[in-house]
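Asks: Got a sequence here, can you build the structure:
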Amino acid sequence: MPAHAERGTRAHPLADVQTTPSPRPYRVAMAWWRRSKRGAAASGATALSKDDLRRARTNFKEFATSRRGVEAFVEPATHVTSTTVILIAHDGEWMRRAVPSRDDGFRLATELQLPTYDVNQTGYPQRMRDWNSRQRGR
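Replies: Model prediction:
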């Protein structure tokens, strides 16, 4: 007679089940901090080339000449994105492109003779938010 029957208690249903140890324990190494940093900028975003800057300059020139009241806003680098410049027209339409550095962003906007602002100091203009909400409504 089993020991639990003598005491008048119930045994756990899996008490008599024999388990064998798994040949390979389930372990996953998630050492992200050991991943290679090659090709990444200091912020964690991918490094931009001079070709990227040339393409941004071309796109900005087209945007600035085809719209009126365009202003440039330099956005700082984050862990996800590199430094970006956003051009905002008088009606709130905007265009954003990545640039290699903050200085390159200011230099690019100055070359295009655009009023330039640091978005950390000024924030985004209300006309941009209004344009975004009009676009969502479509």
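
Asks: so Asp91 is in which element?
Replies: Element membership for Asp91, per DSSP states H and E: none, as it lies in no helix or strand.

Asks: Who are the contact partners of Lys50?
Replies: Pro100 (CB atoms under 8 Å, 6 or more residues apart in numbering). Backbone N, C-alpha and C define where each C-beta goes, glycine included.

Asks: now do Tyr117
Replies: 71-74.

Asks: Out of those, which is nearest to Leu114?
Replies: Of all the contacts of Tyr117, Leu114 sits closest to Ala72, with 4.5 Å by CB to CB.

Asks: Surely that closest one is in a helix?
Replies: No - with DSSP: H, G, I helix; E, B strand; the rest coil as the criterion, Ala72 is located in strand rather than a helix.

Asks: Is it bridged to anything, and to what?
Replies: Beta-bridge partners recorded for Ala72 (DSSP bridges): Leu87, Thr116.

Asks: From Arg129, how far off is it?
Replies: 17 Å (CB to CB, to the nearest Å).
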